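Engineer: Test case, fold it:
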Amino acid sequence: MQRILVADVGGTNCRFASFSLEDDRLSLEVATRIDSKILTSRQSLFAALSETLSQPVESADAIVVGLAGPVDRQRGRLTNGSLYINIADMPACQAARCLLLNDFTLQAYATLTPPGINALHVAGPAKERSVAVEASSKPTWGSGANEPGRMGARSVVGAGTGLGAASLLPVGTDEWLPFSSEAGHAAFAFFEDEEQEFRRFLCRELGRPFASAENVLCGDGLSILHYYLTGQFLQPRQVGERALSCDTPTLQWYARFLGRFCRGWMLSTLCRGGLWIAGGVAAANPLCVTSSTFLESLYASSEATLTLLQHIPVYLVTDTDSGLWGAAFAGQTLLRKYGHTHTSVPL
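Structural biologist: Now for the predicted structure:
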């Protein structure tokens, strides 16, 4: 048996988990979370990983870290935080067992695991699922029987503290090539006078010349939108509880904006294998993607592209630990590629 330790570091929460790998099957052993603010370096991250999981990192066969920010091979920095990680400054024998990825690369991999397979179907044709994944406190995952059929590229988007987007491209018969992105930082497209008024308001609030998709769809953007529409400033969680659980102007505006971003990402990536919507905002407030407003915005397209969009399945990921499963899948792939020999060296 081998052990994979994983960390999914977001702007607010950092999730840790330990997975066992035996006979090419992953089993979730334990998962926990801490506040991301206390993490400032690779050393503090690894110390917290070891302490919270009661697993010495030097005993792990692979360690995978997902970071909510741009990752340049072995270096990365948390966009909404102070954590900076540089795996390149580790000895080669240690770095070979560590993998640093963008957090939405993990979410892309997660579409191949139980959280992706069990995601809620919200639009388009549903995939056939050959074998149901049994609910368990320690679920397992194998690379064969439970995997849905391959139908082209897959994409994932998600809003929480920030806004992420990534894709997964099938390569050959048994490999996937991930593509990370910073699409959330591109300028968001606002339509007509009513939306342009909000754009000007948002830019004034942010002190910026333009508003990005992240500015519109992240938790803070949701708070600003609700303030603009109601005059009430609430924290994102409060907005969700009060204004996203039923048909309100806040829900209609947010669902319209989210549908627009999803449509653009589907067209940009040609994700015929499906779009998965992850992230804390939609997971906690499913009406954002099941409402008629979201669907109208998702399919507000020309006749030529509408046919394409309607043939892409769309899912909502409700498991907030999906990134951990994606990290474990990446760790499993790493061990397959470089072998299963574990050398105990301090990390």
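
Engineer: residues near A48, how many?
Structural biologist: Neighbour count of A48, defined by other Cβ atoms under 10 Å: 19. To be clear about C-beta, it is placed using only N, CA and C from the backbone, and glycine gets the same treatment.

Engineer: Nearest residue to it in space, please, no chain neighbours.
Structural biologist: Counting by Cβ to Cβ, 6 or more residues apart in numbering, I34 is the residue found nearest to A48 once chain neighbours are left out, at 6.0 Å.

Engineer: Also N13?
Structural biologist: Per Cβ to Cβ, 6+ apart, closest to N13 is R33, 5.1 Å.

Engineer: give me the element that neighbour is part of.
Structural biologist: Taking DSSP states H and E as the criterion, R33 maps to strand 25-35.

Engineer: Kindly report the same for Y228.
Structural biologist: Following DSSP H and E, one finds Y228 within helix 219-230.

Engineer: Could you do E241 as well?
Structural biologist: Using DSSP H and E, E241 sits in helix 236-243.

Engineer: Would you mark the buried spots in that helix?
Structural biologist: Neighbour-count burial for helix 236-243 flags P236, V239, G240, A243 (criterion: 16 or more other Cβ atoms under 10 Å).

Engineer: ok, which stretches of the stretch 151-300 of the chain are strands?
Structural biologist: Ranges of strands in the stretch 151-300 of the chain, per DSSP state E, counting those that start in this stretch, are 154-159, 163-171, 175-180, 274-278.

Engineer: Quick check: the residue nearest to A48 touching L49?
Structural biologist: No. Look at I34 against L49 with Cβ atoms under 8 Å: they stay out of range, at 9.5 Å.

Engineer: Please name every helix or strand in contact with the helix or strand containing W325.
Structural biologist: Per DSSP H and E, W325 falls inside helix 322-338. Counting contacts by 3 or more Cβ pairs under 8 Å, 6 or more residues apart in numbering; DSSP states H and E, helix 322-338 packs against strand 2-9, strand 13-22, strand 25-35, strand 62-67, strand 98-102, helix 103-110, helix 114-117, strand 140-142.

Engineer: pLDDT on it, on average?
Structural biologist: Helix 322-338 comes out with an average pLDDT of 92.

Engineer: what's the answer for stretch 250-263, then?
Structural biologist: Across stretch 250-263, the average pLDDT comes to 98.

Engineer: Could you list the buried residues of that stretch?
Structural biologist: Applying a neighbour-count criterion of 16+ other Cβ under 10 Å, one finds 250-263 buried in stretch 250-263.

Engineer: Just grab the bridge partners of the nearest residue to V171 once chain neighbours are set aside for me.
Structural biologist: Leaving aside its chain neighbours, V171 sits nearest to L177 (4.8 Å; criterion: Cβ to Cβ, 6+ apart). L177 has these beta-bridge partners by DSSP bridges: L169.

Engineer: Can you give me every residue that contacts L177?
Structural biologist: Shown in contact with L177 (Cβ atoms under 8 Å, 6 or more residues apart in numbering): L168, L169, P170, V171.

Engineer: what's the neighbour count on the first one?
Structural biologist: Other residues within reach of L168 by the criterion other Cβ under 10 Å amount to 28.

Engineer: Report the contact partners of it.
Structural biologist: If you count contacts by Cβ under 8 Å, 6+ apart, then L168 has 108-109, 111-112, 153-156, 176-179, 273 around it.

Engineer: Go ahead and build a ChimeraX selection from the buried members of the residues you listed.
Structural biologist: In ChimeraX, this line selects whichever of the contacts of L168 come out buried by 16+ other Cβ under 10 Å:
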select :108,109,111,112,153,154,155,156,176,178,179,273
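
Engineer: got the contacts of L168 as a markdown table, with distance to V71 and pLDDT columns?
Structural biologist: As requested, the contacts of L168 are exported to a markdown table (distance: Cβ to Cβ, whole Å; pLDDT from 0 to 100):
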| residue | distance to V71 | pLDDT |
| --- | --- | --- |
| A108 | 13 | 97 |
| Y109 | 14 | 97 |
| T111 | 19 | 96 |
| L112 | 20 | 95 |
| A153 | 20 | 95 |
| R154 | 20 | 97 |
| S155 | 18 | 98 |
| V156 | 16 | 98 |
| W176 | 17 | 91 |
| L177 | 16 | 93 |
| P178 | 11 | 93 |
| F179 | 12 | 92 |
| G273 | 23 | 95 |
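
Engineer: Could you identify the most distant pair in the buried residues of helix 236-243?
Structural biologist: P236 and A243 (10.5 Å; Cβ to Cβ).

Engineer: Look at E175 and say how many residues are nearby.
Structural biologist: When neighbours are counted by other Cβ under 10 Å, E175 comes out with 11.

Engineer: Please tell me the pLDDT value assigned to it.
Structural biologist: So E175 comes in at 85 (pLDDT).

Engineer: likewise M266?
Structural biologist: M266 carries a pLDDT value of 97.

Engineer: I'd like to know how many residues surround it.
Structural biologist: Neighbour tally, M266, other Cβ under 10 Å: 23.

Engineer: my guess is it contacts G274, does it?
Structural biologist: No. Contact criterion Cβ under 8 Å: M266 and G274 do not qualify, at 9.4 Å.

Engineer: that's a strand at A48, yeah?
Structural biologist: No. Looking at A48 with DSSP: H, G, I helix; E, B strand; the rest coil, it is helix, so not inside a strand.

Engineer: check contacts around I87.
Structural biologist: Contacts for I87 (Cβ under 8 Å, 6+ apart) come out as R42, Q74, R75, A95, C98, L100.
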